[in-house]
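J.: sequence below, structure please.
(one chain, ligands or ions: 1)
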Amino acid sequence: MRQPMPIKYDDEKCYQFHTKDVPDRCFVCSDNSTRLLIVRHIESMMLVHLCPDCMVNDTSGYLLDNTRPWLGEKGKI
Ligand SMILES: [Zn+2]
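T.: As a prediction, the model looks like this:
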C-alpha cells in the first residue's frame, strides 16, 4: 500500500508573505494581537497578518484568502 504523500503545491509564489509582514504582528498597526488573520493585501497581492480591527476598518484593501488549507505554524489563524 502506498504511503500518502504530503501535499505539494506548484503555486507557492502565489502564497508569499509581504516582505514587511511580521508573523506575530498586525501589518497595519503593528499590534501583537493574539488573533491575527491571514489576508491578502490587494495592492501587492501578497499575504499579510492583520488584526480583526484593521480588517474591519479596511475591507476593500484586503481579501480573506481561504482557497487552501494552511500548513504548519502559519495555519493557526
Ligand atoms: Zn491592526
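J.: the residue sitting nearest the centre point of the chain bridge partners, please.
T.: Among the residues of the chain, the one closest to the centroid is I38, at 2.9 Å (CA atoms, centre = their mean). Counting by DSSP bridges, I38 forms beta bridges with H49.
J.: what about N32, how many neighbours?
T.: 12 (other CB atoms under 10 Å). (Each C-beta comes from the backbone N, C-alpha and C, glycine too.)
J.: please apply the same query to L64.
T.: Neighbourhood size, L64 [other CB under 10 Å]: 13.
J.: the residue nearest to the centre of the chain contacts C51, doesn't it?
T.: No: contact criterion CB atoms under 8 Å: I38 and C51 do not qualify, at 11.6 Å.
J.: for the protein, which residues are neighbours of the ion?
T.: Residues of the chain found near the ion (CB under 5 Å from the ion) are 26, 28-29, 31, 51, 54.
J.: of those residues, keep whichever come out buried.
T.: Among the residues of the chain next to the ion, the ones that count as buried by 16 or more other CB atoms under 10 Å are 26, 28, 51, 54.
J.: okay, the residue nearest to the centre of the chain: pLDDT?
T.: I38 carries a pLDDT value of 90.
J.: equivalent analysis for the one 5 residues further on, please.
T.: In this model, E43 is scored at 93, pLDDT.
J.: what's the neighbour count on it?
T.: E43, neighbours per other CB under 10 Å, totals 9.
J.: measure it to the ion for me?
T.: From E43 over to the ion the distance is 16 Å, taken as CB to the ion, to the nearest Å.
J.: that residue falls within a strand, correct?
T.: No: counting by DSSP: H, G, I helix; E, B strand; the rest coil, E43 falls outside a strand, being coil.
J.: isn't it up against G61?
T.: Yes: between E43 and G61 there is a contact under CB under 8 Å: 6.9 Å.
J.: for stretch 40-56, the distance to its chain's centre please.
T.: 8 Å (CA atoms, centre = their mean, to the nearest Å).
J.: is M55 in a helix, a strand, or coil?
T.: Quick answer, by three-state DSSP: M55 is helix.
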